[in-house]
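Engineer: return a 3D structure for these sequence lines:
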Amino acid sequence: MQSPAAFLWDGPLFPCTDSDDERWIDIWLRQGMKERPLELFQHIPEYSPRRTYETPEFEAIGLNDALERVFNGHLSSSTEEAVWLHDQGDDGDRDYNGVMSIQKFHQVCEMKAPADTIGQYQRVGLDGQPDAQRRRIHIPNPDSESLAILARNATWETRESLIDFLQRHIKGSRNRAFISMGASVGAAIQAVFCMTFHFPIFVWRSWSIDEVDGRQDGRKRKDGTPWRKSEDLSYLRGATTPRDHEGKIDMLHESQISLTITCFSRRKWTLQCLHDTYFYRPNPYNEDMLDFYKDEGSDSDSLSEDEFEPQWDPITLGNSESGLPIHNPGEYFYHCLHFRIRQVLDESRNTQHNLENRVSTWMKTHGCRSTLASARARTESIKQRQLWLAETSGLLGRLTPNLSGTIDALSRFLENPHQSLEFTQRIGVYHQSLAEMVHGLEEVRQGLIDVEKRCEGFRRDLELHIGVHSHNTVMFQYWNIILVTPVAIAAAMLQSGVISAGPRWLWFVSLTALVFAITCFIDPNMSPLTSWYSWLEIWCRAVSPIQAGGNTKPQRLQGMGLITAGLTMTMPELSARLGHLGLDSDMPDIPAADLLVKPLDIFRSHLANLVSTTFGCDVLLAYDSIRLSNDLSQGDLELVVPKLKLKDVEASDVLQKLQGSPLFETPYADGPIIRFLVSASSLPTLLFPYIGDRKSSYGHFRSPGVIDSPSNDTADRKKVVVEFSSPNVGKEFSGHHLRGTLVGTFVSNIYACMGWDVVRLNYLGDWGKELALLAIGFQKFGSDEALESDPAGHMLDIFNRIRELIQPELDEVKRAKAEGRSTSDIEGTGLLAERDAFFKNLESGNEDCTNLWKKLKDLYIGHLDASYQRLGIKFDEYSGESQVKPETMAEVEEALKEEGVLEQVDDTLCINFEKHGGKAGKGLGTQAIRGRNGSTTYLLRDIAAALDREREHSFDRMIYVVSFRQDMHFQQVFLALKLMKREDVESKLQHVSFGEIEGMAEYFQRPLLLNNILDEYGIPGNGEIDQGGEPRAEGGDTGQVKGCLRLLGGFWGKKRSHKYTLDRDRVAISEQDSSVVLQQIWEDLGGAISALGGVEVEGADLDSSALQDAGTLEILGSLARYPEITAAAFKSLEPHTVYSYLRELAGALADHLDDTEKSVEDVEGVAEEGPAEPAEDGAGSRGSGIESPGAKRARLEFYRCARQVMENGLALLGAPTMTRRSHWDRLHLLLPPSTRLRTTSCVI
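Structural biologist: As a prediction, this is how the structure comes out:
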C-alpha cells in the first residue's frame, strides 16, 4: 500500500483502451476460461492458502450459485425494493436513481459501464446518457444475489478490494472492527485508492412473543443456519421471573455495517454500503429502512423536476441530501463514518443499559441466602445460578471484546493523521467528533467491565455459599460410605442367619472390616488414611529406583499386572500421565482439540495454554495460531505470531516472555514464526502408551460418525452406504470396475475408521437391454456345461458374439438419428426387436425369461464372490437394477409429471434437463426414463434405487464410487431428485469419481475378468485372507499378500483423479516393488520385536535417551501425525494420502533398521575383542559396546508402535498383512536411500 500523499487525486487521466473498463468476468470469458464463476471471481492460485479460508465463506452463502443466476439472468422474481442506488456525473444526477428492486438494480448495472472507468473520454450507456463518474450503492440486508451483482460488475482494478470487502462483511462478528485507507496499483496504469470500514455490532431489542420469529434473519446459508444469529436473552430474567410486565422477550441480534469507497480520482469513485437491518419493524419513518427513502413521484412522468422533493442519503442515515455534489470523497468518507459510529455508540449504550438492569434485577432476586428448602430444591437453585453465571459470562465474553475491537480500530485510525487524506477543515471537525465518540464507547466498555466484576463477585459468593452450607452433607456422605455402610451390611448378614458358627461379635467385626477394605480398594481416595496405592507405589520406588528420563510407573507394579493398559484412554488417565511429565495444570477446554484421538493436540493445547497465560489472549485464538510444521526436521509445531494479534509484539518478544515447559525443547524464532520441538523424553513417554492403548484403533475417529449418543451402539452411529465395483453381468470386468473396487474399499474403510456404520453395496448391472441381449445370445449359442464350469468366461464369450451380430443394426439406428429419420422401423425387426421383446417380457414377469435371467445372474455373482475373496473384500449386500421396485419407479414418474418436467418425445418419456434444470442442467441434455415400448431406462432405475435405499437403510450419506465417465449421469440423477422436490435425499448423495485405467486390453492376453486380472498380479485363489486384513489360516500366503500389495501400490501411487497406465514392468513379480517393501518393513519390525523380547527387557524401565537421535525423533513425530493423516484422507477420500505417508515412513524405518543393524555388528565385533569396561553407574551404554535393558526396552516399544501404525495404514488401504515374522534379511535397500520424512506429503 502507498501512503495517501503518493496518490494523485487530481492527476491526469490516461487515455482508455477497450479493456480498461471491462468487467473481470468478460476478460476471463474472452480468454476461454471454463471454471465456475466463483473461481473466476476469486482467481486464486492453486496452492494459495486463500482457498482454505476465503472460498468456504463464499460457498457457505451460495455465492457461486447466485453468480450463475446473475450471469444467466435468472434472478428472483420478487419486486420488493432492496437497493438504493445513486449515479452522479459532471452533468448531474441520473433519472433512474433511488430505491429499486434487485431486477432493476441488475438492469442498471448491466446498462451502465462501471463508474470507475479509466479514460479520458466519456462513453455512452444504453440509456443514451454518459457514464456517471460517481456511484453510491446502499444495500440493507444484502443477500447472495445482491452481492453477486456487485461481484459481477467489478472491474479488474476493483476486484481484489471487493473480495476482501465482501469476505469481511459475510464473516460479521467473527471479525474485529476494521478501518483502512490506502492506495494500491491495480492492473491498469493508475493506482486505486480504497477507504473501508467494517463495524460488527450487537443490537438489543425486546419483542412480543408473536414478533420473535419475524425478527430473525431470513437469509440462510447452505447448511440452513442464518447469516446473522439472534440470541434469546430471557434467561437473564431468571426461570421464575416473568419475561417482563409487557410479556416481551429480550433478543440480541448480530449486525454488521460495512462501507467501501474505491477511487480512481477525486471525480471518479464508487461507494458500496452494506448494513444488516433484518431486526427492524417495518416503519416508513425509520432512517435505516428503505421505505424512508422511497420517492413516490419518481415514476410519474407528469411531474416536472421542480416538483420533486429532496432525496435523502441512506448511507448517512438521512442526514444529507443525496443530490448534493460531492467534491471530496475523503470528506464524504468521514461524513459517513461519523454517522455510523454514532449509530454504533447508540446501540452499544442501549445494550449495556439493558444488560446492567437485567443483571442487577436478577442478582437481587437470586442472591445467596440460606433457606429451609429441601436438599433437592437447594441443589436445583445452585444449578440455576451456576448456569446463569456461565451464560452471562459467555455473553459478556462476546460483547466486551467486540466493543474493544471497535474502540481499538477507531483509535488507531485517529492516531494516524497522515492516513486522513488532505486534512481539510471539515475533516478536522469530524476528527474531533469521532474522538469524542471514542470516549463514549470507552464508557460503555467500562460499564460492561463493571457488570463482569459484579458477576465475578456473585460467583465468589456462590462458591462460599456452596462450601459453607454443603460441608455437613458432604461429611455425612463420606462417613456414611466408609463406616455406616460396612456396619449395616455386616449387621444385615448376621441378622439373616447366613452365618451361625462362632462368636457373633467376632463375625460382626470381621465382616465390617472386610466391607470397609473392599470399599477402600475400589476407590482408594475414600480411605481416611493414605491410600493403599500410594503406599504400594512408595514401596516399589524404594525397591526399584526410577532412572532419570525413564518410565515413571514403578517397575514392580507393572510386573504385578496392576498397570497394564488404559494409561491414556480417558481424560483423567491422560491428565495423570501428563502429571508424571511435570505438568501441574489441566488441559484447556478447546473444542477443536481431540486429545484422546490426536496425540499432537495434547502438545498443541498445552502450548496454547502457555501462550494464553503469558500474553492474556484468548486460548482459542492461541490454539488457532499454532499449526503442525511442514518440515519435521525443523520442528513439530510452529507458532505464527501475527495470528495472535498482539499489538507491537514480535517473535523475539514472545520468545523472551514465554514460559518454559517440560514438553518442549528450547524454541527458536524463524522470522514471524516460532518453532517448537517436542521434548525427546516426553514424546516417547506419552506416545508409546497412547498407541499401545489403542492398537488397531489408533488413528480412528469416532466423533464424525456419532449422531448424538456417546454409546457404541450401531443405532447411535451415522450410516453410510458405499456403492462400488458394480460390474455388469456377463460383460468385461474393465479397468474402471477394478479401480472402483479398490477405491470403494478404501472409502468404506475410512468411513468405518471415522465411526460410521458402513454398508458395502455392490450394485450389479443385472437389468436392461444389454442383459436381454446376453439372454438372447445364450439361447442361440449357450451351453449349460460351459456355463457351470466357467460362468463368467462363457457369458463374456456369448455376449461378444451376439454383440458382433447386432452391431450393424445399432449403426443403422445411429445413422437414422443423425439424419433425423424415424428409428421405429429399424428397431422393430431383427435382433433389436428380439432384445426389446425379451426385456419387455422380463419386466412383465414372464417365467421363462425370469428363470434364465436368474440363472445367469446367480452364477455370475458366485464367480464374483470367489474373486473378491482373493482380495479380502466382502460385500454386505449384492443389489442390482433388477431389485428396483416398480412402484418406486411409478412414484418417480408421477412426481416428475406433477412438477411438469416429464415430456414425451418420439414415443419416449424424457426429461429436458437444460430446459427445466436452469444453470444446473446446462449441458445435461435430454434423457429418456422410459422407452417407446414401456421399458425402463438406467436413469429411472437409479433415481428409484436411491429412494428405495433411503427407505431401507435410512442412511445419512450414500456414496457412488464410479468412474468420471459417469459424471453426467449422476448429475442427471441428482438434478432429477431436486426437480422432484426430494432435496432431502439428494443432499445426502455424493459421487466419488476416479481416473481411468489405460492399457488394460493391450496388456492382458486373456479375457478381462477379475480372476484373470488377479492371476496376472500373482494373487493365488486360495482365499486365505479375510476381510479386514486378518488371515483365516495361520501364516497366510506370501504370494497372495504380495500380489495384493502390488495391485494396490500401482493404483495408490497416483492420486484418485489421475489416470493410470498399466505397465507390465510394474505388474511383474519383483521383490523391488515399493508396495511389497511396505509389507517387508512390517515383517522386519516383527523380527526386531522378536529379537528384543525377553523377561529382562520387558521388565526394564524405558530409557528414552536411546531414541534421541534426529532420525528416530522424526519417525516418532511421524507416528504422532498418523491421526492427522487419516483425518485428511477422510476429508478428501484420497488413498494416495495414506499411501504416500506409509512410503515415507517405511523409508525412514528402513534407514533406522539399517543403522541399528550396523551398530549391532559393531557391538559383536567389540565383544569378540574382549569385554568392555562397565560404566561407572553400572548401566551399559551404546558407547561402551553394551546396550542396557532400558535402551532395548525403548527400542522394543518404538518398533511395536511403528509396526502398529504400519499395520493400521495398510489395513486402511485394504492391504492384508501376514503374521509370519521374517529374520533380519534386509530388503530395505530396495528403497531409495533419500526417502526421508522431510517432505510435505506427511504434513497436514
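
Engineer: alpha carbons only for contacts and neighbour counts from here, please
Structural biologist: OK.

Engineer: list the contacts of residue 611.
Structural biologist: With contact taken as Cα atoms under 8 Å, 6 or more residues apart in numbering, residue 611 is in contact with 617, 619, 622, 658.

Engineer: just the element for it, please.
Structural biologist: helix 599-615 (DSSP states H and E).

Engineer: quick one: mean pLDDT for the helix or strand that that helix is followed by?
Structural biologist: Scanning forward in sequence from helix 599-615 by DSSP H and E, the next helix or strand is helix 619-624. In this model, helix 619-624 has a mean pLDDT of 91.

Engineer: which elements pack onto helix 619-624?
Structural biologist: In this structure, helix 619-624 makes packing contacts with helix 599-615, judged by 3 or more Cα pairs under 8 Å, 6 or more residues apart in numbering; DSSP states H and E.

Engineer: quick check, distance from stretch 889-901 to the centre of its chain.
Structural biologist: In this view, stretch 889-901 has its centroid 36 Å away from the chain centroid, taken as Cα atoms, centre = their mean, to the nearest Å.

Engineer: likewise for stretch 757-773?
Structural biologist: Worked out by Cα atoms, centre = their mean, stretch 757-773 lies 32 Å from the chain centre.

Engineer: average pLDDT for it?
Structural biologist: Average pLDDT, stretch 757-773: 89.

Engineer: immediately after the longest strand along the chain, which helix or strand?
Structural biologist: Scanning the chain for the longest strand, with DSSP state E as the assignment, gives strand 191-208. Downstream of strand 191-208, the first helix or strand assigned by DSSP H and E is helix 209-212.

Engineer: which residues of the stretch 1001-1150 of the chain fall in strands?
Structural biologist: Ranges of strands within the stretch 1001-1150 of the chain are 1060-1061, based on DSSP state E, counting those that start in this stretch.

Engineer: need the helices for it, in chain order.
Structural biologist: Ranges of helices in the stretch 1001-1150 of the chain, per DSSP state H, counting those that start in this stretch, are 1010-1016, 1038-1052, 1064-1067, 1074-1092, 1095-1098, 1110-1120, 1122-1132, 1135-1169.

Engineer: lowest-confidence stretch among those helices?
Structural biologist: Among the helices of the stretch 1001-1150 of the chain, helix 1064-1067 scores lowest, at a mean of 50.

Engineer: give me the pLDDT value at residue 225.
Structural biologist: For residue 225, pLDDT reads 89.

Engineer: again but with residue 530, I slipped
Structural biologist: 43.

Engineer: try residue 723
Structural biologist: For residue 723, the predicted pLDDT is 94.

Engineer: mind listing what it touches?
Structural biologist: Neighbours of residue 723 in contact, by Cα under 8 Å, 6+ apart: 744, 760-763, 958-961.

Engineer: domain ranges for the chain?
Structural biologist: 24-201+253-296+312-327, 571-679, 718-1000 (automatic domain parsing).

Engineer: kindly reformat these as a markdown table containing distance to residue 219.
Structural biologist: As requested, these are exported to a markdown table (distance: least, Cα to Cα, whole Å):
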| stretch | distance to residue 219 |
| --- | --- |
| domain 24-201+253-296+312-327 | 7 |
| domain 571-679 | 27 |
| domain 718-1000 | 19 |
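
Engineer: least reliable of those domains going by mean pLDDT?
Structural biologist: domain 24-201+253-296+312-327 (a mean of 80).

Engineer: return the distance of stretch 570-581 from the chain's centre.
Structural biologist: How far stretch 570-581 lies from its chain's middle: 29 Å, per Cα atoms, centre = their mean.

Engineer: try stretch 377-387
Structural biologist: Per Cα atoms, centre = their mean, the centroid offset for stretch 377-387 relative to its chain is 37 Å.

Engineer: quick one: average pLDDT of it?
Structural biologist: 78.

Engineer: what comes up buried for that stretch?
Structural biologist: For stretch 377-387, the neighbour count (16 or more other Cα atoms under 10 Å) marks 378, 382, 384-385 as buried.

Engineer: quick check, nearest of the residues you listed to residue 938?
Structural biologist: Of all the buried residues of stretch 377-387, residue 384 has the smallest distance to residue 938: 59.7 Å, by Cα to Cα.

Engineer: need the three-state assignment for the closest one.
Structural biologist: On the three-state scheme (DSSP: H, G, I helix; E, B strand; the rest coil), residue 384 is labelled helix.

Engineer: swap in residue 83?
Structural biologist: Once three-state DSSP is applied, residue 83 turns out strand.

Engineer: can you check the one 4 residues further on too?
Structural biologist: Three-state call for residue 87 (three-state DSSP): strand.

Engineer: who are the contact partners of it?
Structural biologist: Residues near residue 87 by Cα under 8 Å, 6+ apart: 93-94, 97, 132-136.

Engineer: how far away is it from residue 454?
Structural biologist: 52 Å (Cα to Cα, to the nearest Å).

Engineer: show me the contacts for the residue nearest to residue 989 when sequence neighbours are not counted.
Structural biologist: The shortest distance from residue 989 to any residue other than its chain neighbours is 5.0 Å, reached at residue 958 (Cα to Cα, 6 or more residues apart in numbering). Residue 958 makes contacts with 720-723, 988-990, as judged by Cα under 8 Å, 6+ apart.

Engineer: fine by me, we can end here.
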